[in-house]
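Enquirer: when you get a sec, could you give me coordinates for this:
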Amino acid sequence: MLMSPQNLPERINAVLEQLRQATAAAGRSAQSVTLLAAGKAQPPAALAQAARCGLEHFGESYLQEALEKIAALRELPLTWHFIGRLQTNKTRAIAENFAWVHGLDGVKIAQRLSAQRPFHAPPLNVCLQVNLAAERTKGGVAPAELAPLAAAVAALPRLKLRGLMCIPPEETEPVRQRDWFARLRVLRDDLNAGGLGLDTLSMGMSADFQAAIAEGSTIVRLGTALFGPRP
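Expert: Numbering: from 1, shown residues only. The predicted model follows:
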């Protein structure tokens, strides 16, 4: 069921307050974390209302749905992130319409995105997805294979490798949540020790974003926390 219009601003304000509390507890500024509104299955009107409440970054998982929203909301100054699974037959539309891609986990897809990124646009910001627990149902590169992939992607001319992304196993205990996110942070730090200069950790969703912020997340991807259960 969709959030009713009068409740959406209240929900957004509540989430922003939770973000402020989480960043303060971690000794960080609230501005160090970007709130990415995951709008899967939400209509353009809901996203427009969220934008009126001050949100600027929106993430979409399904390409066709995303393209319809991008067209409907083209007059708004929004930044679009693709957060779904990448497929070779969809890379051109993604390269042409998004500012960020969060789920990159292979060289061939990266090469297609780079080749298909319009030259009048800035380089496409990308995060490499890491499958921390070797879960078969999730995308992502294995930690042991991350360094060569990062080096290959960083060398592509029309991509800008910004950082890492993960979708860890579901945990209810904050300590266990933090452990997964800490693993991604360590992987990012190891790559930076090799000279990559990554500045982004895309980690944390509605059920665990406080733990992610405690471990250094710079982008949290929130859907249910903002919009309520998906229709």
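Enquirer: tell me the pLDDT at residue 7?
Expert: Looking at residue 7, its pLDDT stands at 89.
Enquirer: ok, it to residue 227 distance?
Expert: Distance, residue 7 to residue 227, by CB to CB, to the nearest Å: 10 Å. In short, each C-beta sits where N, CA and C put it, glycine included.
Enquirer: swap in residue 26?
Expert: In this structure, residue 26 and residue 227 are 25 Å apart, going by CB to CB.
Enquirer: more crowded one of residue 7 and residue 227?
Expert: Between residue 7 and residue 227, residue 227 has the larger neighbour count (other CB atoms under 10 Å), namely 26 against 12.
Enquirer: so for the more buried one, what's the pLDDT?
Expert: Reading off the model, residue 227 has pLDDT 93.
Enquirer: quick check: it touching residue 42?
Expert: Yes. Between residue 227 and residue 42 there is a contact under CB atoms under 8 Å: 5.3 Å.
Enquirer: from the chain's centroid, how far away is stretch 199-210?
Expert: Offset of stretch 199-210 from its chain centre (CA atoms, centre = their mean, to the nearest Å): 8 Å.
Enquirer: ok, now which ones touch residue 123?
Expert: Shown in contact with residue 123 (CB atoms under 8 Å, 6 or more residues apart in numbering): 117, 157, 158, 159, 160.
Enquirer: now do the contacts for the nearest residue to residue 152 once chain neighbours are set aside.
Expert: Spatial nearest neighbour of residue 152, excluding adjacent residues (CB to CB, 6 or more residues apart in numbering): residue 107 at 5.0 Å. By CB under 8 Å, 6+ apart, the contact set of residue 107 is 149, 152, 153.
Enquirer: for residue 107, report the pLDDT, please.
Expert: 98.
Enquirer: any low-confidence regions in this protein?
Expert: 1-6, 231 (pLDDT under 70).
Enquirer: any buried residues in the longest helix seen in the chain, and which?
Expert: Longest helix of the chain, by residue count under DSSP state H: helix 174-193. For helix 174-193, the buried set under the neighbour-count rule, 16 or more other CB atoms under 10 Å, comprises 177, 178, 180, 181, 183, 184, 185, 187, 188, 191.
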